[in-house]
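In: Sequence and predicted structure below; questions after.
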Amino acid sequence: MKIKLKKGDIVKMLSGKDKGKTGKLIKVNPKDGRAAVEGLNLVKKHMRPRKQGEKGEVIGVPRMIALSKAAIICSSCKKATRVGFREEGKNKIRFCKKCGAAL
């Protein structure tokens, strides 16, 4: 399967507890077809104190989601869209399927 989303893309969640929310991709795993989105799909992780005098805490850690559950947001039309590919000269670029602008 061709991975059409890259690290740093702004995506919209299509399903799950964070449906409709947007975030930035911070990690993409093409082998598994999963990605982590900044601030979304958070789970609580209990951190033990490592140094003397330091307090333990509970932090939110983003977990991986399936790439099929995220849609890229076009920078020009501001809508969730699918990604297409086209060649311009020798370069292969990604473009928005709704408005045709380069991503």
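Out: Happy to help now that I have it.
In: Contacts only, for the residue positioned nearest the centre of the chain.
Out: For the chain, Leu25 is the residue whose C-alpha lies nearest the centre (Cα atoms, centre = their mean; 3.1 Å). The neighbourhood of Leu25, defined by Cβ atoms under 8 Å, 6 or more residues apart in numbering, consists of 5-11, 35-38, 70. Any C-beta I mention is one placed from the backbone N, CA and C, and that applies to glycine too.
In: now swap in Leu42 and tell me
Out: 60-63.
In: next one: Ile72
Out: Neighbouring residues of Ile72 by Cβ under 8 Å, 6+ apart: 4-5, 9-12, 80-83, 103.
In: Where does Phe95 fall, secondary structure wise?
Out: Following DSSP states H and E, one finds Phe95 within strand 91-96.
In: what comes into contact with that strand?
Out: Taking Cβ under 8 Å, 6+ apart as the rule, strand 91-96 contacts 4, 74, 76-77, 81, 83-87, 101-103.
In: What of stretch 29-36?
Out: With Cβ under 8 Å, 6+ apart, stretch 29-36 has contacts from 1, 3, 5, 11, 25-28, 62-68, 70.
In: So of these, which two are at opposite extremes in space?
Out: Met1 and Pro62 (22.2 Å; Cβ to Cβ).
In: which of those two has more neighbours?
Out: For the pair Met1 and Pro62, the greater number of neighbours falls to Pro62 (17 against 7), based on other Cβ atoms under 10 Å.
In: State the three-state secondary structure for the closest residue in space to the more buried one that isn't next to it in sequence.
Out: Sequence neighbours aside, Ala36 is the residue nearest to Pro62 in space, at 4.7 Å (criterion: Cβ to Cβ, 6 or more residues apart in numbering). Three-state call for Ala36 (DSSP: H, G, I helix; E, B strand; the rest coil): strand.
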